[in-house]
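1. Sequence and predicted structure, then a few things I'm wondering about:
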Amino acid sequence: MREMLNAEDESLIVYGCASHWLNLVGQDITPNQVVNQIVEINKYFRNHHAAGSLLDEKQGSVKPQLPGDTRWNSQLDCIQTYLTNRPLMVLIVAEQDDPHSVIDARIVKLINNVGLLNEAKSLHAQLQPVANALDRLQSDNATIADACEEWLSLLRADALKPHLTTVMKRFKEAVTDNHFLANLLHPNLSEADEEAARQLLLKLHPEHPEVIADLCAFIAGAFIAGSDPFPASLLSSACVDQISPVVWWTSVSNCKCKVSPPLISTALKLLHLPSSSAAIERVFSNFGLVQSKLRNQLGLEKAAKLVTCYRQLRGNAELNWSGN
């Protein structure tokens, strides 16, 4: 699909949803045997009233979750609820005179399986960095530069060393030269990745070879404030750490320094690109709640206003929930 789109229009920047690729990493590194046994336990306590009520009565219990292929981080949620509820499940089994009369014998055996518990803890530790990266990249403000940074962090994560080949495979599928170019403001790309990004910049602006000189000056500015033609004040840590990259490059374009305009336009274009389709999918989800079968005559303008209000109310509710 990417090759077909680029063949029709070479100016298009085509790349995949970073959150989707990270979700695939989570599925790739999750052993089916371990997850299937945890799902069997969680599903039993969700679907059987007697066992479910006993679990609900225990202080600190949570509702068992099941994984879904299209629900991001659902594998981790499933394992997390199992780890939280497992001590309570063991207590429930111990309190019964005849536990098999309340809970199926196979489920009792799985609950008491210490090997399954240890594998679940290990898998949880491996999935956690993937989940953290996915949560960041499904943000409305995350860009392809952030996506490249998160993928590089995953490749360095100690917890994922047993799955380095799998993560590298998905990394190569998800990250393009445009990601590397957007991320050149960070000093942790490999030499090959940096060279691929520089070659892409020259390909985009073959008539402006000076963009490479300005790019080198910008990268040097991360270590030496005041690298010509960038003003020292804009390269100070107080400035760089407090504003977004888009605002920073916009201020560069508005100042009187002699930075190559093609470099500025390329930076602004790349740093406006979202890392994933999560924000768009949330908009569609909100529209589905606002413009339903019972409210199918809403005009576009009124529906858009209602969606804006709904997003604001839900955002405030999430902030209040996280604060508590």
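-> Ah, there it is.
2. Please count neighbours and contacts with C-alpha atoms only from this point.
-> OK.
3. Low-confidence stretches in this structure?
-> Applying pLDDT under 70 to the chain flags residues 1-2, 6, 10, 185-192, 219-229, 233-242, 314-324.
4. Name the helix or strand for the residue of it most remote from its centre, please.
-> If you look at how far each residue of the chain sits from its centre, by C-alpha atoms, centre = their mean, the farthest one is residue 97, at 46.5 Å. Per DSSP states H and E, residue 97 falls between elements, in no helix or strand.
5. which residue is nearest the centroid of this protein?
-> Nearest to the centroid of the C-alpha atoms of the chain, with distances taken as C-alpha atoms, centre = their mean, sits residue 134, at 1.8 Å.
6. Would you check that that one makes contact with residue 23?
-> Yes: with contact defined as C-alpha atoms under 8 Å, residue 134 and residue 23 form a contacting pair (7.4 Å).
7. if I look at the two, which residues touch both of them?
-> With contacts taken as C-alpha atoms under 8 Å, 6 or more residues apart in numbering, residue 134 and residue 23 have 72, 73 as neighbours in common.
8. hmm, back to that, distance of the residue farthest from the centre of the chain from residue 103?
-> Noted for residue 97: a distance of 12 Å to residue 103, by C-alpha to C-alpha, to the nearest Å.
9. tell me, what's touching the two both at once?
-> Shared contacts of residue 97 and residue 103, defined by C-alpha under 8 Å, 6+ apart, are absent.
10. Now do the contacts for the residue farthest from the centre of the chain.
-> Here residue 97 is in contact with no residue (C-alpha under 8 Å, 6+ apart).
11. Repeat that for residue 261.
-> Residue 261 neighbours (C-alpha under 8 Å, 6+ apart): residue 253.
12. Please repeat the previous calculation with a cut-off of 10 Å.
-> By C-alpha atoms under 10 Å, 6 or more residues apart in numbering, the contact list for residue 261 reads 208, 211, 214, 252, 253, 267.
13. Make sure residue 60 is indeed in a strand.
-> No: in this structure, residue 60 is coil, not part of a strand, as judged by DSSP: H, G, I helix; E, B strand; the rest coil.
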